[in-house]
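# next comes the sequence, and after it the predicted model I'd like to discuss.
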Amino acid sequence: MGLGKYYSILEEKTDIEQAIYKIQLDANHQMYKGHFPDFPLLPGVVQMELIHELFEKTLGKEISLIASKNIKYLGMINPNEHTELSVKLSWKHTDEIKLKAEIISLDELPKTMLKYSAQYKFRA
């Protein structure tokens, strides 16, 4: 996507069909100046890219999205208020890869900010 580094990985836990990443957002990243001035938000499309990047990292292979089954934005992610997030990935692999993902704010009271399910395939 060419955004540069807008987050850093603080922790990574992976298992056979599950991964959990604890990340920290860079609230000074250039994208927040345009989205939106005086009220920065992590754009929805960037949240989807974040999940895609972390899923590729977990699998160690490039993947292509086949279909998004469900995207529920449950809260706005302001990088000044929600600096640390948990990204949970769980999947089943048959002919295609079925992913379920969540982005959770790790504030005083953790809150699910995004729920997502989709189908992917490995790139040839």
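Good, I have the coordinates. All values derive from a computational prediction rather than experimental measurement. Residues are numbered from 1 along each chain as shown.
# tell me which helix or strand in this structure has the weakest average pLDDT.
Confidence across the helices and strands of the chain bottoms out at helix 31-34, with a mean of 86, counting by mean pLDDT, DSSP states H and E.
# next structured bit after that helix?
Proceeding N to C from helix 31-34, the next assigned helix or strand is helix 44-59, under DSSP states H and E.
# what about that next one, average pLDDT?
Across helix 44-59, the average pLDDT comes to 96.
# contact partners for residue 12?
Listed by Cβ atoms under 8 Å, 6 or more residues apart in numbering, the contact set of residue 12 reads 19-22. To be clear about C-beta, it is placed using only N, CA and C from the backbone, and glycine gets the same treatment.
# which members of those residues are classed as buried?
Neighbour counting by 16 or more other Cβ atoms under 10 Å classes 19-21 among the contacts of residue 12 as buried.
# could you list the low-pLDDT ranges of the protein?
Low-confidence segments of the chain, defined by pLDDT under 70: 1-3.
# next, name the residue at the spatial heart of it.
The centre of the chain sits closest to residue 51, judged by Cα atoms, centre = their mean, with a distance of 3.2 Å.
# quick check: the nearest residue to it once chain neighbours are set aside vs residue 114, distance?
Excluding its sequence neighbours, the residue lying closest to residue 51 (Cβ to Cβ, 6 or more residues apart in numbering) is residue 101, at 4.8 Å. Plainly put, residue 101 is 8 Å away from residue 114 if you go by Cβ to Cβ, to the nearest Å.
# could you do residue 98 as well?
17 Å.
# show me what contacts residue 80?
27, 40.
# ok, now how distant is residue 77 from residue 97?
Taken as Cβ to Cβ, the span from residue 77 to residue 97 is 25 Å.
# again, but for residue 39
36 Å.
# wait, residue 85 touches residue 104, no?
Yes - the pair residue 85 / residue 104 is scored as a contact, 6.5 Å apart, by Cβ atoms under 8 Å.
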